[in-house]
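Engineer: sequence first, predicted coordinates after that:
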Amino acid sequence: MFSSPIGIICHGGAGTIKDPAAHAAGLDEAIRAGYQLLRQSAEADKAVVHAVRLMEDNPVFNCGTGSKLTVGGRAEMDAAVMNQDGRFGGVCCITGVKNPILVAERVMRDTDHLLLSGEGAVRFARQAGFEEFDTVTDRARAQLEEFFKDPGSGRFPKSAGRGTAGAVAIDRHGRVAAATSSGGITGRLPGRVGDSALLGCGTFAGPSGAVSCTGHGEEIMRAMLGREVVEKMRTMPAAVAVTLAISESKRRKQDVGVVGLDARGTVGFGHTTPDMAWGYMVADRVFLFNEVKPKRRVTG
């Protein structure tokens, strides 16, 4: 039977990280849990969904219980999962569920749809057995209050406070998958959809590799960054593919980050922002951004 080296790489958002120790601890937990599933011969999509779910439960990350609020004070969340066969499931602007990534997984496995939004996504979640859960935290409310203190906050405010959580894995059969979940950006307009749940933007997987993106969603969407990086993996390793994409994003002055794995199981990671929380596990060893962080490093 064909056996491939297993591996998983995760990110906890790109931007400015104020508490690297907390981000690293949360990433370490998610990475080890996902890797353990891979060791037990789980499929890659199961491993990435599990890793992202753990980050959704950790308020350190901007997803699930750590989600940011819209100008209306709601936590509207986006999430998606995709495997190399093109199977995809996503939800956007979903509210009142603890783990959007689990709902996205059910969209992929139980329906012939790709993406459910808003009230329709909530109804589907309830029918699938997901109980109501309030993800609005005191911290998120305080961040929104601080946002409104800015004199520039008006009818169409410039939103702030970006972040995402994502995971990419390769299983024993050499199959790759990616999952991403986002709590959006503080002060965004109601109904705003970011890149995380959009196929080819924040989440993408194909036979050559898979990626999860983070950063400013609108910029990622314009570039269709996820698909761009995976397409490059057809002819080059993940690290080179990410390097080239990040270099172009830097030239365009876009605030983005990417983590990925190619079909050979090699990792790539990079960002144009001051910081990005990332980590990966291969050959039973974990590497975290706050332990291995070369000066001005842009790729893995």
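Structural biologist: Structure's in. What do you need?
Engineer: which parts of this protein are strands?
Structural biologist: 7-15, 77-83, 88-94, 115-117, 165-170, 176-182, 203-206, 209-215, 256-262, 267-271, 275-282, 285-288 (DSSP state E).
Engineer: wait, which of those strands is closest to Arg109?
Structural biologist: Of all the strands of the chain, strand 88-94 sits nearest to Arg109, with 7.0 Å by C-beta to C-beta. Every residue, glycine included, has its C-beta placed from N, CA and C.
Engineer: so what touches that closest one?
Structural biologist: 76-82, 100, 103-109, 111, 113-118, 121-122, 125, 191-194, 197-199, 203 (C-beta atoms under 8 Å, 6 or more residues apart in numbering).
Engineer: of the residues you listed, which qualify as buried by neighbour count?
Structural biologist: Those of the contacts of strand 88-94 that meet the buried threshold are 76-82, 100, 103-108, 114-118, 121-122, 125, 192-194, 197-199, 203, by 16 or more other C-beta atoms under 10 Å.
Engineer: which helix in this protein runs the most residues?
Structural biologist: helix 20-39 (DSSP state H).
Engineer: which regions of this protein sit below the pLDDT cut-off?
Structural biologist: 1-3, 151-162, 292-300 (pLDDT under 70).
Engineer: packing partners of the longest helix of the chain?
Structural biologist: Judged by 3 or more C-beta pairs under 8 Å, 6 or more residues apart in numbering; DSSP states H and E, the packing partners of helix 20-39 are strand 7-15, helix 44-56, strand 165-170, strand 275-282, strand 285-288.
Engineer: so of those, which one's packed in deepest?
Structural biologist: strand 165-170 (a mean of 34; mean count of other C-beta atoms under 10 Å).
Engineer: between it and strand 77-83, how many degrees?
Structural biologist: 10 degrees (axes from the mean of the first three to the mean of the last three C-alpha atoms, to 10 degrees).
Engineer: give me the nearest residue to His113, chain neighbours excluded.
Structural biologist: Spatial nearest neighbour of His113, excluding adjacent residues (C-beta to C-beta, 6 or more residues apart in numbering): Val107 at 6.1 Å.
Engineer: isn't the one you found up against Leu116?
Structural biologist: Yes. Assessed by C-beta atoms under 8 Å, Val107 is found in contact with Leu116 at 5.7 Å.
Engineer: any residues in contact with both of the two?
Structural biologist: 90-91, 124.
Engineer: ok, now which ones touch Pro190?
Structural biologist: Contacts of Pro190 (C-beta under 8 Å, 6+ apart): 70-72, 74, 76.
Engineer: compare the helices and strands packed on helix 20-39 and give me the one nearest Val229.
Structural biologist: strand 165-170 (10.6 Å).
Engineer: listing partners with orientation, what would you give for the closest one?
Structural biologist: strand 7-15 (antiparallel), strand 176-182 (antiparallel) (DSSP bridges).
Engineer: now that strand, how far from the centre of its chain.
Structural biologist: Its chain's C-alpha centre and that of strand 165-170 lie 8 Å apart, by C-alpha atoms, centre = their mean, to the nearest Å.
Engineer: ok, now stretch 245-260?
Structural biologist: The answer for stretch 245-260 is 15 Å, by C-alpha atoms, centre = their mean.
Engineer: what pairs with Val259 across the strands?
Structural biologist: Ser212, Phe269.
Engineer: so Met224 touches Cys201, yeah?
Structural biologist: Yes. With contacts counted by C-beta under 8 Å, Met224 reaches Cys201, the gap being 5.7 Å.
Engineer: in stretch 118-137, what counts as buried?
Structural biologist: For stretch 118-137, using 16+ other C-beta under 10 Å, the buried residues are 118, 121-122, 124-125, 130, 135-136.
Engineer: for stretch 176-195, same thing?
Structural biologist: Quick answer for stretch 176-195 (16+ other C-beta under 10 Å): 176-188, 192-195.
Engineer: what distance do you get for Thr135 to Met224?
Structural biologist: According to C-beta to C-beta, to the nearest Å, Thr135 stands 28 Å off from Met224.
Engineer: residue contacts, Ala121?
Structural biologist: 91-94, 103.
Engineer: just the buried residues from the contacts of Pro190, in ChimeraX please.
Structural biologist: Burial among the contacts of Pro190 is assessed by 16+ other C-beta under 10 Å; the matching ChimeraX selection reads:
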select :70,71,74,76
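Engineer: widest-spaced pair of the contacts of Pro190?
Structural biologist: Val71 and Glu76 (10.9 Å).
Engineer: one step back: which one of the buried residues of stretch 118-137 is nearest to Lys250?
Structural biologist: Using C-beta to C-beta, the buried residues of stretch 118-137 come closest to Lys250 at Thr135, 33.2 Å.
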